[in-house]
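Q: Below are the sequence and a predicted model; questions follow.
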Amino acid sequence: MEILKYALQFEADGEKFYKVSAEKTKDENLSKIFLLLAKEEQKHYRMIKSLRDNLDERPASMFLSDISNIFTEMKAKNINFAEETTTITGIFEKALDIEQESITYYEKKAGEIDNPKAKEVLLILKKQEQAHYSLISSLIEYYDRPQHWLENAEFTHLDDY
């Protein structure tokens, strides 16, 4: 499996997860956040697709027979995305797992490929996924300790990307 093909699947599955999560939550504001994250994953998908379509070379390290997609594993075990998650905390935990898997993947693959353009895109994606992870971590903190979180409403605890 090619790095970029795998990355496209990551982003498509992430988008689906956030859209389903937005539908499942009764909190309108949280639903909006999940939809914004879904749009971010859609942007990442388009960025990767554009890169893939414009690459002149395909490095030998682009093949990944040793890595299986976390979402494919979930499907194989008949684990759905947010449908089986009934709590906000459960959705957040899955979201953190998704973002961490993306961060790890993009970092690892950026270190393995020779194409500078592809490496740059993978590192940009890694940084954006780190921002998503930070946002979700902040949401968990908000739901765990809303008063403390709101006291820091300047969002200084969130990274820019």
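A: Thanks, I have it.
Q: what about residue 94, neighbour count?
A: Residues lying near residue 94 (other C-beta atoms under 10 Å) number 19. C-beta here means a position set from N, CA and C on the backbone, and glycine is covered the same way.
Q: Show the model's pLDDT score for residue 130.
A: If you check residue 130, the pLDDT there is 91.
Q: next one: residue 157
A: In this prediction, residue 157 carries a pLDDT score of 49.
Q: Residue 66 too?
A: 32.
Q: Likewise for residue 49?
A: 87.
Q: do the same with residue 101
A: Model confidence at residue 101, given as pLDDT, is 91.
Q: Check residue 89 too.
A: 79.
Q: what's the spacing between it and residue 30?
A: According to C-beta to C-beta, to the nearest Å, residue 89 and residue 30 sit 12 Å apart.
Q: of the two, who's got more company?
A: Just comparing residue 89 and residue 30: by other C-beta under 10 Å the higher neighbour count belongs to residue 30, 19 against 12.
Q: Okay, buried residues for the helix or strand hosting the more buried one please.
A: For residue 30, the element it lies in under DSSP states H and E is helix 28-54. Using 16 or more other C-beta atoms under 10 Å as the test for burial, helix 28-54 gives 30-31, 33-34, 37-38, 40-42, 44-45, 47-48, 51-52.
Q: Repeat that for stretch 18-25.
A: Across stretch 18-25, burial judged by 16+ other C-beta under 10 Å covers 18, 19, 20, 21, 22, 24, 25.
Q: Check stretch 93-100 too.
A: 94, 95, 96, 98, 99.
Q: can you give me the helices in the protein?
A: Using DSSP state H, the helices of the chain run over 3-24, 28-54, 70-76, 88-112, 116-144, 146-151.
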